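Colleague: Any chance you could fold what I've pasted below:
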Amino acid sequence: MDDFREAIDYCRFMDLGFCGPEFTWCNMQEGRQRMYLRLDRALVTQEWIDHYKNMRVHHLVESASDLCVLLIIDSIVPQSPRKRRFQFEAMWMRRDECGDIIKAAWNDSVNLYNPNDMVAGLKQCADDLSRWNRLVFGHIPRQIQNKRKALNKFVLRDHDGSNGREINKLRKEINELLDCEEIMWQQRSKVQWMGLRDHNTKYFHTKASGRKKKNTITGLMDERGNWIEVAVSYFEKLYTTSNPDKILEVVEAIDPQVSAEMNQSLIK
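Modeller: Numbers count the residues shown, from 1 in each chain. All right, here's what the predicted structure looks like:
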């Protein structure tokens, strides 16, 4: 068994996870003698995952066997188009303009002590940063690819060293974009313990892709184990009153923290 584990580590195999029952084997006994184990797993390499995207392992219960069947299929979850929520990018802090944009957005706010003005200020700041990000950073992987192509052309034509300045400038810009890309993927991977500038972009990208796959909701299961649309009924049950009594007794037992004068000041 130790040799098998060493082989898995040596080949850098990864567990694809599963959908369905948690276990793949049952001893078919009853009562306390019944035993479940997850004996079967689908192990693949990161290259396999990059090539075969959106693959899922499904545990299918077989009535004639004590083992589940493992079905590996492409199960793409259809997603309706939605507006991407604002997210502050850590790589923006590498530019001095970021702080200037934030200051300008808050200085334009009318009254920060007014909740509506504060919300408007936050929205204005997010919109200004998003607009600036599209102009300055854009699509970083595409920029890296385009600049590498340009660098290759300059190097091929640089027979007498006349393109040295342009080549050095492109190299600096590419390295800056690579640093930004690494920061971007580290932020999405939630890996904070590993340092930057060590060419860890692929690792961060793998972790971020794994988090996205793990957090993807493919369906909802009710209390009976049936895959149905239960979101509406769940929240209806959650927010429907159970008609409790003795509410007044509970409320009266709580010491008030807001005086009448404070309350009048708050509702002005």
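Colleague: is it true that L177 touches Q145?
Modeller: No. With contacts counted by Cβ atoms under 8 Å, L177 stays clear of Q145, the gap being 9.9 Å. Every C-beta, even on glycine, is put in place using the N, C-alpha and C of the backbone.
Colleague: who has more neighbours, the two?
Modeller: Neighbours per residue (other Cβ atoms under 10 Å) separate L177 from Q145, with L177 holding more: 20 against 13.
Colleague: and the longest helix for this structure?
Modeller: In terms of residue count, the longest helix belonging to the chain (DSSP state H) is helix 164-189.
Colleague: counting contacts, what elements does that helix pack onto?
Modeller: Applying 3 or more Cβ pairs under 8 Å, 6 or more residues apart in numbering; DSSP states H and E, one finds that helix 164-189 contacts helix 140-157, helix 201-215.
Colleague: what residue ranges in the stretch 151-268 of the chain score low on pLDDT?
Modeller: Along the stretch 151-268 of the chain, the model assigns pLDDT under 70 to residues 190-234.
Colleague: distance of T241 from I247?
Modeller: 10 Å (Cβ to Cβ, to the nearest Å).
Colleague: One more: N54?
Modeller: Distance of N54 to I247, computed by Cβ to Cβ: 50 Å.
Colleague: Which of those two has more residues huddled nearby?
Modeller: Counted by other Cβ under 10 Å, N54 and I247 do not tie: N54 has more neighbours, with 12 against 8.
Colleague: Give me the three-state assignment for the most far-flung residue of the chain relative to its centre.
Modeller: Largest separation from the mean C-alpha position in the chain: D160, at 48.5 Å (Cα atoms, centre = their mean). Three-state assignment for D160 (DSSP: H, G, I helix; E, B strand; the rest coil): coil.
Colleague: Now do the same contact list for it.
Modeller: Contacts for D160 (Cβ atoms under 8 Å, 6 or more residues apart in numbering) come out as none.
Colleague: Can you list phi and psi of it for me?
Modeller: Main-chain torsions, D160, degrees, to the nearest 10: phi -120, psi 10.
Colleague: From N168, how far out is it?
Modeller: Plainly put, D160 is 16 Å away from N168 if you go by Cβ to Cβ.
Colleague: just V258 next, same as before
Modeller: Distance from V258 to N168, by Cβ to Cβ: 65 Å.
Colleague: Check M35 too.
Modeller: M35 is 67 Å from N168, by Cβ to Cβ.
Colleague: wait, R157 sits on I167?
Modeller: No. Applying Cβ under 8 Å as the test, R157 and I167 come out as separate, 9.9 Å apart.
Colleague: of those two, who's got more company?
Modeller: Neighbours were counted for R157 and for I167 using other Cβ under 10 Å; I167 has more, 16 against 12.
Colleague: ok, the nearest residue to that one once chain neighbours are set aside - contacts?
Modeller: Sequence neighbours aside, F154 is the residue nearest to I167 in space, at 5.0 Å (criterion: Cβ to Cβ, 6 or more residues apart in numbering). By Cβ under 8 Å, 6+ apart, F154 lies in contact with 163, 166-167, 170.
Colleague: Who wins on neighbours among those residues?
Modeller: Per-residue neighbour counts (other Cβ under 10 Å) across the contacts of F154 peak at L170, which has 19 neighbours.
Colleague: The closest residue to that one other than its chain neighbours - how many residues pack around it?
Modeller: Leaving aside its chain neighbours, L170 sits nearest to L151 (4.5 Å; criterion: Cβ to Cβ, 6+ apart). Close neighbours of L151, defined as other Cβ under 10 Å, add up to 18.
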